[in-house]
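Asks: Could you look at this predicted model? Sequence included:
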Amino acid sequence: MHKTSKLGAKANEHVVSPFPGHGHDHAACVRAAITQAEHLCAHRSRRLTPLRRRVLELVWESHQPVKAYDLLARLQQSSTSAAPPTVYRALDFLLGERLIHRLASLNAYVGCAQPTHQHTGEFLICAQCQAVAELDDAATSTLLAQRAEALGFALTTQTIELEGLCPRCRSDQADASSSVSS
Ligand SMILES: [Zn+2]
Ligand SMILES: [Zn+2]
Ligand SMILES: [Zn+2]
């Protein structure tokens, strides 16, 4: 299930979730994610309880990763009974169903746009605005697994996190430097 974009099918082949561009319809993103989660949980006979659903919505609030204590603060705005273990249990459920990913470098969570197919998680993280894009390139993960195996390393999880500048921040930076030089 690949999204179509201006980049064309070839460039998009390994893209789970691109950087949100200008005019990005994020409400549609969130709706798609929640609908997908509902179907997936129904199919797997897992319960997407109101709390789990709410946590998923909060994780999907943007394409920036969100930390557990921020989620807790947001939940406590509507329900004072929300305690840290409640949030962590909901996050564990969502991670287990692969509806979200955990970014180790930021200790934060981000929604997955394609939870139905197994992938390792290859993330591009913007150092400026923290927007995250996700790739799924089997060639890269297979190669790394082979390199690890050659060292006698039994790989359990593979998450790749790359830091850089997203297209929006790059163009903002270009605008800023051109206005300085003019
Ligand atoms: Zn979006
Ligand atoms: Zn994913
Ligand atoms: Zn950025």
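Replies: Sure, I can see it. Ligands and ions are numbered 1, 2, ... in the order given.
Asks: Let's verify the closest residue to ligand 1 within the chain: helix, strand, or coil?
Replies: Going by Cβ to the ion, ligand 1 is nearest to residue 29 of the chain, at 3.0 Å. Any C-beta I mention is one placed from the backbone N, CA and C, and that applies to glycine too. With DSSP: H, G, I helix; E, B strand; the rest coil as the basis, residue 29 sits in helix.
Asks: now the one 10 residues further on
Replies: Put simply, residue 39 is helix when judged by three-state DSSP.
Asks: how about the helices in the chain?
Replies: 8-12, 26-43, 50-59, 68-78, 84-96, 138-150, 167-181 (DSSP state H).
Asks: Buried deepest among these, which one?
Replies: Stretch with highest mean neighbour count among the helices of the chain: helix 50-59 (a mean of 19; mean count of other Cβ atoms under 10 Å).
Asks: What about contact with ligand 1: does that helix have any residue there?
Replies: No. Helix 50-59 stays clear of ligand 1 (Cβ under 5 Å from the ion), getting no nearer than 11.9 Å.
Asks: now for that helix, which elements pack on it?
Replies: helix 26-43, helix 68-78, helix 84-96, strand 108-111 (3 or more Cβ pairs under 8 Å, 6 or more residues apart in numbering; DSSP states H and E).
Asks: So which residues make contact with it?
Replies: Helix 50-59 has contacts (Cβ atoms under 8 Å, 6 or more residues apart in numbering) with 30, 33-34, 37, 48, 66, 71, 74-75, 78, 82, 86-87, 90-91, 93-94, 99-100, 109-111.
Asks: how about the residues of the protein near ligand 3?
Replies: So the chain meets ligand 3 at 126, 128, 129, 131, 166, 169 (Cβ under 5 Å from the ion).
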